[in-house]
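Chemist: sequence isn't available, so here's the structure alone:
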């Protein structure tokens, strides 16, 4: 829920070339303040200013970040802190998870360049990129919240990027596309992409009813079942209208059959 | 672990005698050992191993570099130190100088992507990229030694990249051009994409139950409702396994709630 009323703060500096909305960078469980500072610097190098932290180990603000930010105060000042990844992306509707290695998950994998193109294609509005903590990377429970996975093509024998380097690759690919006309993506007609909050409410509604009907009764299988079902909907890039339709579908199916109800 | 078995790693003897098939990275007057370590890491991320230092402030070897290199020892071990930029590039024949801003110099200016293409075009043989010292950047007397200037397209109000970030951008653009492995699309694990027959059976199952439950009772709206619901699943590129899961979901929801059934 946090962040739903968020108004993106645009930097006053004429520095930023991108008009309109900018993709958000979300660091999950970041450990070193120094890395947060370097991420801020890399972001501003590429015109990005919306940095969100989920459970920073040493809290926030963190004086260790200031030096490495090297003048990117506008980014540090705008940082917001969240308790969960879910909260941090509640207002976003196109979310990428960055990982160094393949996960055992059925989700589309794209390069940083393709991710940047897809973000540009929706006008960079309400898009975000998730980064896991140093060394450990992202947990599956966070990856499942994303629409797609990003893996950078790197030396297969040495893929571990420094956190700020990973952010730079994504931000730079996005920045480079600055003047490229967006390619047509999903036609929205009178609706808009569903945000993460709406997706989670859809999932919870479905899972609640599946629990009621005993479908998820095998405890050990529940997490992977839930993950598989969520992934299908995440991949579909649903609109707000479609989420409402599916809420109706679930509600209808979960009731008694009509012939009995009448 | 540090990629010692990696095929891209050049035999040491060859690396020492001359530039080879991998572009060389040359740091002029680098100050912080930590930055040298981070440069080594960024290089190895992109398969580069030939790092040359001109007058490192704190000498070489420098223990401060080891931690930030994060396992890229192969690069640190191969480092060679030179007294002048001229000496450092003596064996190279295509040299780029990186600067953040335009210089008052009549020299071709290219982007990192173009520089990478030009390096690839000559088989990456005996090519090098020069980087000036932290904060100050390159001196004109060194730039003049280069064939061309590279300037990365960045936020014009905040162009100062961390040294290792600048190296990463160049190295990554170079690596990307040689990466022929197609980006894996959807990970399938032990399953396969659902075929159209299976999708249609899923749709008909869902629609039959929605009819039973009265959800599609408004005749004029039925076609567009059915179309909207089908579109969501079609966009998700479902697997055969996922279709079976959703058949189970529908079957379960359409039954009486379990608490009543029992």
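Modeler: Happy to help now that I have it. Keep in mind the model is a prediction, meaning the values are calculated, not measured.

Chemist: helices or strands up against the helix or strand containing residue A:244?
Modeler: Element membership of residue A:244 [criterion: DSSP states H and E] is helix A:240-254. In terms of contacts (3 or more C-beta pairs under 8 Å, 6 or more residues apart in numbering or on different chains; DSSP states H and E), helix A:240-254 is packed against helix A:196-212, helix B:196-212, helix B:222-235, helix B:240-254. From N, CA and C alone the C-beta is placed, and that goes for glycine too.

Chemist: quick check: which of these is nearest to residue A:38?
Modeler: Counting by C-beta to C-beta, residue A:38 lies closest to helix A:196-212 out of the helices and strands packed on helix A:240-254; the figure is 26.8 Å.

Chemist: can you lay out the helices and strands packed on helix A:240-254 as JSON lines showing mean neighbour count, mean pLDDT and distance to residue A:168?
Modeler: Listed next are the helices and strands packed on helix A:240-254 as JSON lines, based on neighbours: other C-beta atoms under 10 Å in any protein chain shown; pLDDT from 0 to 100; distance: least, C-beta to C-beta, whole Å:
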{"stretch": "helix A:196-212", "mean neighbour count": "18", "mean pLDDT": "92", "distance to residue A:168": "25"}
{"stretch": "helix B:196-212", "mean neighbour count": "15", "mean pLDDT": "89", "distance to residue A:168": "41"}
{"stretch": "helix B:222-235", "mean neighbour count": "15", "mean pLDDT": "84", "distance to residue A:168": "31"}
{"stretch": "helix B:240-254", "mean neighbour count": "18", "mean pLDDT": "91", "distance to residue A:168": "35"}
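
Chemist: need those helices in JSON lines (columns: distance to residue B:52).
Modeler: Below are these laid out as JSON lines (distance: least, C-beta to C-beta, whole Å):
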{"stretch": "helix A:196-212", "distance to residue B:52": "47"}
{"stretch": "helix B:196-212", "distance to residue B:52": "58"}
{"stretch": "helix B:222-235", "distance to residue B:52": "51"}
{"stretch": "helix B:240-254", "distance to residue B:52": "52"}
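
Chemist: looking at those, which is nearest to residue B:30?
Modeler: When these are compared by C-beta to C-beta, helix A:196-212 sits nearest residue B:30, at 42.9 Å.

Chemist: for that closest one, what is the distance to the chain centroid?
Modeler: The chain centroid and the centroid of helix A:196-212 are separated by 19 Å, computed with C-alpha atoms, centre = their mean, to the nearest Å.

Chemist: now check that helix, is it near chain B?
Modeler: Yes: using C-beta under 8 Å from any C-beta of the partner chain, we find that helix A:196-212 touches chain B at A:206, A:209, A:210, A:212.

Chemist: what's the angle between that helix and helix A:240-254?
Modeler: 10 degrees (axes from the mean of the first three to the mean of the last three C-alpha atoms, to 10 degrees).

Chemist: for helix A:196-212, packing partners?
Modeler: Counting by 3+ C-beta pairs under 8 Å, 6+ apart, the packing neighbours recorded for helix A:196-212 are helix A:222-235, helix A:240-254, helix B:240-254.

Chemist: give the contact list for the spatially closest residue to residue A:165 that is not a sequence neighbour.
Modeler: Excluding the flanking residues, the one nearest residue A:165 by C-beta to C-beta, 6 or more residues apart in numbering or on different chains is residue B:168, at 5.3 Å. Counting by C-beta atoms under 8 Å, 6 or more residues apart in numbering or on different chains, residue B:168 makes contact with A:165, A:168, A:169, B:42, B:45, B:46.

Chemist: which residues in chain A form strands?
Modeler: Ranges of strands in chain A, per DSSP state E, are A:24-28, A:51-54, A:80-82, A:94-98, A:109-110, A:127-131, A:148-150.

Chemist: got the contacts of residue B:168 as CSV, with pLDDT and distance to residue A:249 columns?
Modeler: CSV is the format used below for the contacts of residue B:168 (pLDDT from 0 to 100; distance: C-beta to C-beta, whole Å):
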residue, pLDDT, distance to residue A:249
A:165, 96, 44
A:168, 97, 43
A:169, 97, 40
B:42, 97, 49
B:45, 96, 46
B:46, 96, 48
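
Chemist: quick check: residues of the stretch 51-200 of chain A near chain B?
Modeler: Counting by C-beta under 8 Å from any C-beta, the stretch 51-200 of chain A sits next to chain B at A:68, A:70-72, A:102-111, A:113-114, A:151-162, A:164-165, A:168-169, A:172, A:175-176, A:178.

Chemist: hmm, 6 Å instead?
Modeler: A:106, A:108, A:109, A:111, A:153, A:154, A:155, A:157, A:158, A:161, A:165, A:168 (C-beta under 6 Å from any C-beta of the partner chain).

Chemist: which of the residues you listed tops the neighbour count?
Modeler: Tallying neighbours with other C-beta atoms under 10 Å in any protein chain shown puts residue A:168 at the head of those, with 30 neighbours.

Chemist: test my guess that residue A:194 contacts residue A:243.
Modeler: Yes: counting by C-beta atoms under 6 Å, residue A:243 is a contact partner of residue A:194 at 4.6 Å.

Chemist: ok, now how distant is the residue nearest to residue A:230 when sequence neighbours are not counted from residue B:23?
Modeler: If the residues on either side of it in the chain are set aside, residue A:230 comes closest to residue A:203, at 5.3 Å by C-beta to C-beta, 6+ apart. For residue A:203, the distance to residue B:23 equals 48 Å [C-beta to C-beta, to the nearest Å].

Chemist: with residue A:83 instead?
Modeler: Using C-beta to C-beta, one obtains 45 Å as the distance from residue A:83 to residue B:23.

Chemist: with residue A:251 instead?
Modeler: Counting by C-beta to C-beta, the gap from residue A:251 to residue B:23 is 60 Å.

Chemist: before we move on, what about residue A:191?
Modeler: Using C-beta to C-beta, residue A:191 is found at 49 Å from residue B:23.

Chemist: outline the domain layout of chain A.
Modeler: A:12-175, A:196-255 (automatic domain parsing).

Chemist: out of these, deepest packed?
Modeler: For those, average neighbour numbers computed from mean count of other C-beta atoms under 10 Å in any protein chain shown are highest in domain A:12-175, which has a mean of 21.

Chemist: got the contact list for residue A:255?
Modeler: Not one residue lies near residue A:255 by C-beta atoms under 6 Å, 6 or more residues apart in numbering or on different chains.

Chemist: residue A:132 contacts residue A:138, correct?
Modeler: Yes: using C-beta under 6 Å, residue A:132 is in contact with residue A:138, at 3.4 Å.

Chemist: need the pLDDT of residue A:122.
Modeler: Looking at residue A:122, its pLDDT reads 86.

Chemist: quick check: phi and psi on the closest residue to chain B within the stretch 51-200 of chain A?
Modeler: Nearest residue of the stretch 51-200 of chain A to chain B: residue A:157, at 3.7 Å (C-beta to the nearest C-beta). Main-chain dihedrals, residue A:157, degrees, to the nearest 10: phi -90, psi 0.

Chemist: over to residue A:29?
Modeler: phi 50, psi 40.

Chemist: so where is chain A shaky, pLDDT-wise?
Modeler: Within chain A, the segments meeting pLDDT under 70 span A:1-20, A:102-103, A:179-189, A:256-262.

Chemist: ok, the most centrally placed residue in it - contacts?
Modeler: Of all residues in chain A, the one closest to the mean position by C-alpha atoms, centre = their mean is residue A:95, 3.1 Å from it. Going by C-beta under 6 Å, 6+ apart, residue A:95 touches A:89, A:128, A:146, A:147.

Chemist: report the beta-bridge partners for it.
Modeler: In this entry, residue A:95 is beta-bridged to residue A:128, by DSSP bridges.

Chemist: mind checking how far the residue nearest to residue A:230 is from chain B?
Modeler: As defined by C-beta to the nearest C-beta, to the nearest Å, residue A:203 lies at a distance of 12 Å from chain B.

Chemist: one more: residue A:39?
Modeler: From residue A:39 across to chain B, the span is 11 Å (C-beta to the nearest C-beta).
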